[in-house]
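# got a sequence here, can you model it:
(chains A and B)
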Protein chains: 2
Amino acid sequence: MSRPYTRVALIGLGLIASSMVHGMRRAGMTAEIVGTARSAETRTAAREIGLCDRITDTAAEAVQGADLVVLAVPVGAMGDIASEIGPRLAPGATVTDVGSVKRAVIEAIAPHIPQGVHFVPAHPLAGTEHSGPRSGFAELFDNRWCLIVPVEGSDPAAVERLSAYWRALGAHTEPMDPDHHDLVLAVTSHAPHLIAYTMVGVADDLRRVTDSEVIKYSAAGFRDFTRIAASDPTMWRDVFLNNKDATLEILGRFTEELFALQRAIRTGDGDHLYAYFTRTRAIRRGIIEAGQDTDAPDFGRGYARK
Amino acid sequence: MSRPYTRVALIGLGLIASSMVHGMRRAGMTAEIVGTARSAETRTAAREIGLCDRITDTAAEAVQGADLVVLAVPVGAMGDIASEIGPRLAPGATVTDVGSVKRAVIEAIAPHIPQGVHFVPAHPLAGTEHSGPRSGFAELFDNRWCLIVPVEGSDPAAVERLSAYWRALGAHTEPMDPDHHDLVLAVTSHAPHLIAYTMVGVADDLRRVTDSEVIKYSAAGFRDFTRIAASDPTMWRDVFLNNKDATLEILGRFTEELFALQRAIRTGDGDHLYAYFTRTRAIRRGIIEAGQDTDAPDFGRGYARK
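Model prediction:
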């Protein structure tokens, strides 16, 4: 068994960090939880709901004496935070992050990690469209994957200790190489998010279909896009700017494929459309069998939730 | 109060028709329910579960003596069914449909409707990715919209009678012009479905990201696309072929917008991305306020449904 952490510092108190707090409490972890956030408003909200054992005004204070430091800020802010906390990190501590991009984050953080401190990047694949310290809940990571992305020279014991911590929060863990991580996430998350944002923007732009019509009739398919497209703007801006190459590559493939389907519609090629739609249906079955979604006929919304 | 129907014939026994049966029973409607489907397998399944009061082998038999005839088949099959049942329709009966496209469906059905029979097209905006006679459930239409799309000369009393029927199934009703319907649906449903199908197809195609990775890590955003892209292939092929112009127009706008966002990513224009993502978030809020989705932090899936 890996040793549990005794003091955990959470830098950034959004959906992920606040869910980690609830998850740690649910798991009965006894570590002291110290939190901090750049905005005074966020710190005040966190204090009001008693989110952490202690809230500090700066990241430098928060990490003092912590044996686990979690960077849970937008990807673009990781480098500045790392440079601020670097000199204050306790020897033997583990620094991790929860960023949706790994190569760029590693390049931003690694130079600031002193000798004797372990750096083990990670990425829990979980989220909702909500943000802020009040949005967390203990079950967010249950049965979800947390990818552990060790860097060159990561201490295997520190990697295993962090993995055990994530499993205690309910997640499954799996190691992955940073570049492969960024490609897999471009496919499963980053490109879908940009596409959803785009479609929602188009709907909003159309003058012949009113906003109220778009909203009223959203249950016809559009609704699922709006959920994705309601995610935190800062977080997603940073994701796209920091996983540029992989995202643009996948979007290029997407456009190519979309043009082929548009041509099939224009030329009335029903066989092409039917074959394509039949193939995509099989992927959905795989996801339900893999336990990453429910098969409930109403998608789990509404009537069955009493 | 409109008179209730005394015999309802359902042509096609998929998700919508089977949900209508359950909804009618829940509402305590006393009408005899007669069903039919082209495939013998579907008719057998419907008989096994006792879906209707009577299952006939042909549409022509099913409509005899019915005062409401519902065409619940893929949009491309409507014309043939209408031509088959036209001569058998009872005087004073109402013929309606549940197709996702209205202009093309009206052109396919209207010529076969005899004098003295009312034709009132409709479209319930509800669905899941499941299909077939076993997939229906009474709550499918609850709090969803059913658009009523009268044609020239539709009898106001017949329109109101059908609207009251849909409201008894739990839906809200609203009249809409056929061409506007097709544009609104292109935005809220048809284009989003094609985009989701495309993205799922791209993921499946990528050789460097395995299928099992796509499935395992789907919770990161992709999952919502796969649900949409698992819908019935025949139904959707017909929708795209029959709402060609509006769908292609919206897809053209979508591509234009997507290119602008791709350029912002490529050039590192974070302000453009942030502003765009902030705007789309507001639309989501509107949908939750309009009661067309739940705000539950897990999207209503999983842990909260005990």
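# thought A:Ala72 was touching A:Ile81, still the case?
No - using C-beta atoms under 8 Å, A:Ile81 makes no contact with A:Ala72, being 9.8 Å away. Using the backbone N, CA and C atoms, a C-beta is placed for each residue, glycine as well.
# what touches both of these two?
Common neighbours of A:Ile81 and A:Ala72, counting by C-beta atoms under 8 Å, 6 or more residues apart in numbering or on different chains, are A:Ile11.
# please name the nearest non-neighbouring residue to A:Glu160.
Counting by C-beta to C-beta, 6 or more residues apart in numbering or on different chains, the nearest residue to A:Glu160 once its immediate chain neighbours are dropped is A:Ser2, at 5.6 Å.
# which helix or strand contains the one you found?
If you go by DSSP states H and E, A:Ser2 is not part of any helix or strand.
# pretty sure it contacts A:Val159?
No - if you go by C-beta under 8 Å, A:Ser2 and A:Val159 don't touch, sitting 9.8 Å apart.
# and A:Phe299, what pLDDT?
If you check A:Phe299, the pLDDT there is 39.
# hang on, the earlier thing: who's more crowded, A:Ser2 and A:Val159?
Between A:Ser2 and A:Val159, A:Val159 has the larger neighbour count (other C-beta atoms under 10 Å in any protein chain shown), namely 22 against 15.
# which other helices and strands contact the helix or strand that that one is a member of?
Take DSSP H and E as the rule and A:Val159 turns out to sit in helix A:156-168. When contacts are defined as 3 or more C-beta pairs under 8 Å, 6 or more residues apart in numbering or on different chains; DSSP states H and E, helix A:156-168 packs onto strand A:94-97, strand A:122-124, strand A:145-148, strand A:172-175.
# reformat those as CSV; add mean neighbour count, distance to chain B and mean pLDDT.
Output for these, formatted as CSV (neighbours: other C-beta atoms under 10 Å in any protein chain shown; distance: least, C-beta to the nearest C-beta, whole Å; pLDDT from 0 to 100):
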stretch, mean neighbour count, distance to chain B, mean pLDDT
strand A:94-97, 26, 16, 98
strand A:122-124, 26, 9, 97
strand A:145-148, 23, 6, 96
strand A:172-175, 16, 8, 96
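# so A:Phe141 sits against A:Leu169, correct?
Yes - here A:Phe141 reaches A:Leu169: they are 4.8 Å apart, a contact under C-beta under 8 Å.
# so what's in contact with the two at the same time?
Counting by C-beta under 8 Å, 6+ apart, the residues touching both A:Phe141 and A:Leu169 are A:Met20, A:Gly23.
# and the longest helix belonging to chain A, anywhere near chain B?
Ranked by residue count under DSSP state H, the longest helix found in chain A is helix A:244-267. Yes - using C-beta under 8 Å from any C-beta of the partner chain, helix A:244-267 comes into contact with chain B via A:244, A:247-248, A:250-251, A:253-255, A:257-258, A:261-262, A:265-266.
# strands of chain A, start to end?
Ranges of strands within chain A are A:7-11, A:32-36, A:54-56, A:68-71, A:94-97, A:118-119, A:122-124, A:145-148, A:172-175, based on DSSP state E.
# mind putting those strands into CSV with distance to B:Tyr274?
As requested, these are arranged in CSV below (distance: least, C-beta to C-beta, whole Å):
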stretch, distance to B:Tyr274
strand A:7-11, 21
strand A:32-36, 24
strand A:54-56, 27
strand A:68-71, 21
strand A:94-97, 21
strand A:118-119, 29
strand A:122-124, 22
strand A:145-148, 26
strand A:172-175, 32
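# so where's the stretch 151-300 of chain A shaky on pLDDT?
A:207, A:292, A:294-300 (pLDDT under 70).
# could you redo the last one with a cut-off of 50?
Under the criterion pLDDT under 50, the flagged ranges of the stretch 151-300 of chain A are A:297-300.
# circling back to that earlier point, B:Asp67: which of the strands of chain A is closest?
strand A:145-148 (54.9 Å; C-beta to C-beta).
# each with direction, which strands does the closest one pair with?
Applying DSSP bridges to the sheet, strand A:145-148 is found paired with strand A:122-124 (antiparallel), strand A:172-175 (parallel).
# among the ones you listed, which comes closest to B:Thr278?
strand A:122-124 (24.3 Å).
# neighbouring contacts of the closest one?
Contacts of strand A:122-124 (C-beta under 8 Å, 6+ apart): A:16, A:96-100, A:102, A:141, A:144-149, A:162, A:166, A:171, A:181, A:185.
# what sits against the residue of the stretch 51-200 of chain A found nearest chain B?
Closest contact between the stretch 51-200 of chain A and chain B, by C-beta to the nearest C-beta, is at A:Ser189 (3.5 Å). Listed by C-beta under 8 Å, 6+ apart, the contact set of A:Ser189 reads A:Ser100, A:Leu125, B:Tyr217, B:Ala220, B:Gly221, B:Phe222.
# so how far is B:Arg266 from it?
For A:Ser189, the distance to B:Arg266 (C-beta to C-beta, to the nearest Å) stands at 19 Å.
# next, count neighbours for A:Trp236.
Using other C-beta under 10 Å: A:Trp236 sits among 24 other residues.
# just A:Asp177 next, same as before
For A:Asp177, using other C-beta under 10 Å, the count is 14.
# could you find the closest non-adjacent residue to it?
A:Val149 (7.2 Å).
# which residues touch the one you found?
Applying C-beta under 8 Å, 6+ apart, the residues near A:Val149 are A:Lys102, A:Ile106, A:Val120, A:Pro121, A:Ala122, A:His123, A:Pro175, A:Met176, A:Asp177, A:Pro178, A:His181.
# what about the second one, neighbour count?
Applying other C-beta under 10 Å, we find 19 other residues in the vicinity of A:Ile106.
# just confirm it contacts A:Pro121, I think it does.
Yes - if you go by C-beta under 8 Å, A:Ile106 and A:Pro121 touch, sitting 5.8 Å apart.
# which neighbours do these two have in common?
A:Val149, A:Val151, A:Pro178.
# ok, back up a step: just put the strands paired with strand A:145-148 in CSV and tack on distance to B:Ala203.
Output for the strands paired with strand A:145-148, formatted as CSV (distance: least, C-beta to C-beta, whole Å):
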stretch, distance to B:Ala203
strand A:122-124, 18
strand A:172-175, 18
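# of those, which approaches B:Gln64 most closely?
In terms of C-beta to C-beta, the element of those nearest to B:Gln64 is strand A:172-175, at 58.0 Å.
# can you tell me what sits against the closest one?
The contact list for strand A:172-175 (C-beta under 8 Å, 6+ apart) reads A:Asn143, A:Arg144, A:Trp145, A:Cys146, A:Leu147, A:Ile148, A:Val149, A:Pro150, A:Val159, A:Ser163, A:Trp166, A:Arg167.
# ramachandran angles for the nearest residue to the second one once chain neighbours are set aside?
What it means is A:Arg144. Using C-beta to C-beta, 6+ apart and skipping the chain neighbours, the partner closest in space to A:Arg144 is A:Ala126 (4.2 Å). Backbone torsions for A:Ala126, taken as degrees, to the nearest 10, come to phi -160, psi 150.
# likewise for A:Met29?
With angles defined as degrees, to the nearest 10, A:Met29 sits at phi -70, psi 140.
# would you agree it is in contact with A:Ala168?
Yes - the pair A:Met29 and A:Ala168 qualifies as a contact (C-beta under 8 Å) at a distance of 6.8 Å.
# can you tell me which of the residues of helix A:244-267 next to chain B are buried?
Among the residues of helix A:244-267 next to chain B, those scoring as buried are A:244, A:247-248, A:250-251, A:253-255, A:257-258, A:261-262, A:265 (criterion: 16 or more other C-beta atoms under 10 Å in any protein chain shown).
# sorry, back to before: what lies in contact with the helix holding A:Val159?
Outside helix A:156-168, the residues that touch it by C-beta under 8 Å, 6+ apart are A:1-5, A:23-24, A:27, A:29, A:68, A:94, A:96, A:118, A:120, A:122, A:124, A:141, A:146, A:148, A:150, A:173, A:175.
# again, only this time at 7 Å
Contact with helix A:156-168 is made by A:2-3, A:5, A:27, A:29, A:94, A:96, A:118, A:120, A:122, A:124, A:146, A:148, A:150, A:173, as judged by C-beta atoms under 7 Å, 6 or more residues apart in numbering or on different chains.
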